[in-house]
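Novice: After the sequence you'll find the predicted model.
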Amino acid sequence: MHGMHGRALQIDLATGKTTGIPLPDDQLVAILGGDGLASDLLRRWCPPDADPLGSETPLVFATSPFVGTGITTASKIAVATKSPQTGVIGDSLSSSYLALALKRTGYDALILTGRAAEPSLLVVDDGRVSLRPAADLLGLDPAATSECVRERLGQRYRVAAVGVAAERGVRFAAISNDGRLAGRTGTGLVMWAKGLKALAVHGTRLPRVADPARLAAHARDLAKRSLGPGTAKYRELGTAANLAFFNRMQLLPTRNFQAGSFAGAERISGETLFLDHRTDKNACAACTIGCEHHYRATDGSTSDVRLEYETLFALGSLCGIDDPNVILRAAALCDRYGMDAISAGGTIAWAMECAEQGVDLGVPARGVPRFGDGQALLRTVEAIGERQGIGELLADGSRIAAARTGQGSDAWAMHVKGLELPGYDPRKLQTLALGLAVGTRGACHNRSSAYEVDLSDRLSPDAETRLRAEAAVAAEDQAALLDSLTICKFLRHVFTDLPGEAAALYGAVTGIPLTADDLLRAGAHITETKKRFNLAQGWTRADDTLPARILDDPESHVTRDGLNHLIAAYYDVRGWNADGTVPA
Amino acid sequence: MTGKELATPELDMSSDQCVDCPPLAAPTVTVELFGVPRLLLGQGHVAVTGETLAEVARMLLAAAPALAGPVLDPATGWPNAGYTFVIDERFTRDPATPVTAASSVLLVSSVAGG
């Protein structure tokens, strides 16, 4: 097929041996690329019950047919491994130039196995691979690491790196590239466990596309439409625009999900940040939208900081913080240490509630953060990044921290499968509640996307269980489709017929005439691929649930019985067994 | 973008009822603005009259001409494709939706989440 190289490169980091792995057309068509390809390769290469930090666990980087074709927003790389934070699939996407560089190496994916004998820099230059000592890079943040590597090798290289959080063993450490992050589920810790501080990639071999003229016409049209009303929110204000509206709708997680609105919301709203803190905006490689807004603290404590809604809520309302300068500093710290801001904020909020409840966390009381204390938030982010003091406990995430602490503190550990909840209070979002509960990587709004159903007129609050389950499945499969073709979700409202237009683009790139239905079936297959991985790693029905705080709240629209009925309907819609397993 | 002063709507009161305006006895409704509409107008809410969402939209256009074009259709006042109303926590783009003085009316981006 066109648009892909049809092979992956397996690199054994222990021996340095490299092996070309054929990727037949039928395999690539079935899982499309991107997140689907990374998940499929993970499932094939990871042994059952693997230790996420063991040498046997692969770390996969994958591109898609659309990377490097000029299709707007499609320059994304997918990463997949077994998550040290959740014990299930850890799949993540990150935008920008690294994806283009990998696509040019002559391979569609890298499968990293084994463990380097010393901290190393892995260099992939077209088909040539080398492993170089990187002890001198230790202690550097991801941006500085990237800068050093590119100075050493040349600016033509693109770099993925881990920060100090990974070096110290933070379970939600991220992989950073080009100022973006494969942020969730701790992929950075797995990379570090493989002995890698950084990966540098350069290549010159893009695969040919099937119909360049047709592709160019489609791509031009899509780029033009990407500047329309469907992306205005992201272009003008960015995702921070969610905060004030969510607060008004009582959907803004506040003080560790104890409330759905925050008295200090106006001070940290996207509108306020725009007027008082915004400096400029930026776009990922090959993106016409430009959703990345930069902000600066008014007290001079930060330079420009990229801030998304999820970081804003997690380090803001979730921790009771209403000082934008503190939030910007905390966000900058998370980037500098190279760790997921959602899990950092979620775990700190858990500790803050422990302090409120009088739970002993095994450290002096002055070392325990409290809701609303900005300086304590900053100290705790640093403590996590360094894994010192209270950070030694919190660096494992809220699930493990609560299990170690006991004293009933698991009652307010707000996670699903060990992944902290995103910034949508599921008590009033029934379809998303289902999506978060059954999500293969845990509580993830991006993999589910079912909030779109709740935040629209598509279903009434008292819709039938079956209809809601069907809507959650459709949203999840569409998300899998976008993540596997590596089209940004911010483009979704630009399409008038997303699967139909995506099929036309796919045909122009690959020469393979898939239909819209074919693509939707591929989305379902990709979701099932991830579920099969989880089953091999020990998933049980009890893992598909929500925190007790959500289910036992008398004000919640999601009850225990209601959620169980929704989950049963979800399995049925998917054609899975009643216990959530997948038929052979 | 910069905030702008609210413009006073110029209503033709020479007849009992202007073509575009709701009945004089129509309830006053406060429309809360979020995101781009709030930034364009420089304020978070606008009081208008109307008994249906279509009437509210028309009056909003008259009261807040800064929204014409980027947010509201300059001819009808109806929100462009990127925006929607939320009435009493229900998302709707149905112009016939009735509103009362007690209604909660929000004008927001129709692109959820992110």
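Specialist: Looks like it arrived, so ask away.
Novice: Stretch A:472-487 close to chain B?
Specialist: No: contact check for stretch A:472-487 against chain B, using CB under 8 Å from any CB of the partner chain: none in range, with a minimum separation of 10.9 Å. Quick note: C-beta positions are derived from backbone N, CA and C, even for glycine.
Novice: max-length helix in chain B?
Specialist: The residue-count maximum for a helix in chain B (DSSP state H) belongs to helix B:53-63.
Novice: Whether that one contacts chain A - can you check?
Specialist: No: judged by CB under 8 Å from any CB, helix B:53-63 stays clear of chain A, getting no closer than 12.2 Å.
Novice: For that helix, give the mean pLDDT please.
Specialist: Per-residue confidence for helix B:53-63 averages out to 97 on the pLDDT scale.
Novice: Repeat that for stretch A:294-311.
Specialist: The predicted confidence, averaged over stretch A:294-311, sits at 96.
Novice: and the end-to-end length of that stretch?
Specialist: 13 Å (CA to CA, to the nearest Å).
Novice: Up against chain A, what does chain B have?
Specialist: By CB under 8 Å from any CB, the residues of chain B that approach chain A are B:1, B:32, B:34-36, B:38-39, B:70, B:80-83, B:86, B:89-94, B:106, B:108-114.
Novice: Give me the buried subset of those.
Specialist: By the neighbour-count criterion of 16 or more other CB atoms under 10 Å in any protein chain shown, those include these buried positions: B:32, B:34-36, B:38-39, B:70, B:80, B:82-83, B:86, B:91, B:106, B:108-114.
Novice: Phi, psi for the residue of the stretch 451-584 of chain A found nearest chain B please.
Specialist: Here the stretch 451-584 of chain A gets closest to chain B at one residue, A:L455, 3.6 Å apart by CB to the nearest CB. Phi and psi for A:L455, reported as degrees, to the nearest 10, are phi -90, psi 50.
Novice: got it, and A:A160?
Specialist: For A:A160, the backbone dihedrals are phi -110, psi 140 (criterion: degrees, to the nearest 10).
Novice: The one 5 residues further on now?
Specialist: When read as degrees, to the nearest 10, the backbone of A:A165 gives phi -60, psi -40.
Novice: ditto for the one 10 residues further on
Specialist: Backbone torsions of A:I175, given as degrees, to the nearest 10, read phi -100, psi 130.
Novice: for the residue in chain A positioned nearest to chain B, what are its contacts?
Specialist: Per CB to the nearest CB, the residue of chain A with the smallest distance to chain B is A:P229, at 3.0 Å. Applying CB atoms under 8 Å, 6 or more residues apart in numbering or on different chains to A:P229 gives the contacts B:80-83.
Novice: Is it possible to get JSON lines of these that adds secondary structure and pLDDT?
Specialist: Putting the contacts of A:P229 into JSON lines (DSSP: H, G, I helix; E, B strand; the rest coil; pLDDT from 0 to 100) gives the following:
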{"residue": "B:N80", "secondary structure": "coil", "pLDDT": "93"}
{"residue": "B:A81", "secondary structure": "coil", "pLDDT": "88"}
{"residue": "B:G82", "secondary structure": "coil", "pLDDT": "89"}
{"residue": "B:Y83", "secondary structure": "strand", "pLDDT": "94"}
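Novice: quick check, nearest of those to A:H557?
Specialist: B:Y83 (25.6 Å; CB to CB).
Novice: List the residues that contact that closest one.
Specialist: With contacts taken as CB under 8 Å, 6+ apart, B:Y83 has the following neighbours: A:229, B:37, B:71-72, B:107-110.
Novice: so what's A:L189 up against?
Specialist: For A:L189, the set of contacting residues under the criterion of CB under 8 Å, 6+ apart consists of A:52-53, A:84-85, A:162, A:166, A:169-173.
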